[in-house]
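S.K.: model this:
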Amino acid sequence: MADKTIRVSEETWRKLRARKRGDESFEAVIERELEDDDPLAGFGAWSDTTIDESVREVKSEMDEDLEAGP
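M.R.: Next up, the predicted model:
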């Protein structure tokens, strides 16, 4: 299958990034989001981590985004 490039807004990119699990690719996130008809499908995605670990991971990603700039 050939690859395609799509443009998304910064806001959409951030929403997709927030839905990434571990080192999951954006393609995998999009595929998963398009396949899940169940609104609770992602519930419990971090169940194998503590809340502290999850918060640190999200904060680290947000800090990297801010440092990278527009």
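S.K.: Low-confidence regions, the protein specifically.
M.R.: Scanning the chain for pLDDT under 70 picks out 36-49, 70.
S.K.: where do the helices sit along it?
M.R.: Applying DSSP state H to the chain gives helices spanning 10-18, 26-35, 51-68.
S.K.: I'd like to know which of these is closest to A2.
M.R.: Of all the helices of the chain, helix 26-35 sits nearest to A2, with 13.0 Å by C-beta to C-beta. C-beta here means a position set from N, CA and C on the backbone, and glycine is covered the same way.
S.K.: and the angle for the closest one with helix 10-18?
M.R.: 90 degrees (axes from the mean of the first three to the mean of the last three C-alpha atoms, to 10 degrees).
S.K.: What residues of helix 26-35 count as buried?
M.R.: Neighbour-count burial for helix 26-35, counted by 16 or more other C-beta atoms under 10 Å, picks out V29.
S.K.: what's it packed up against?
M.R.: helix 10-18 (3 or more C-beta pairs under 8 Å, 6 or more residues apart in numbering; DSSP states H and E).
S.K.: Redo the helices of the chain as CSV? Include distance to A2.
M.R.: Shown next, in CSV, are the helices of the chain (distance: least, C-beta to C-beta, whole Å):
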stretch, distance to A2
helix 10-18, 21
helix 26-35, 13
helix 51-68, 29
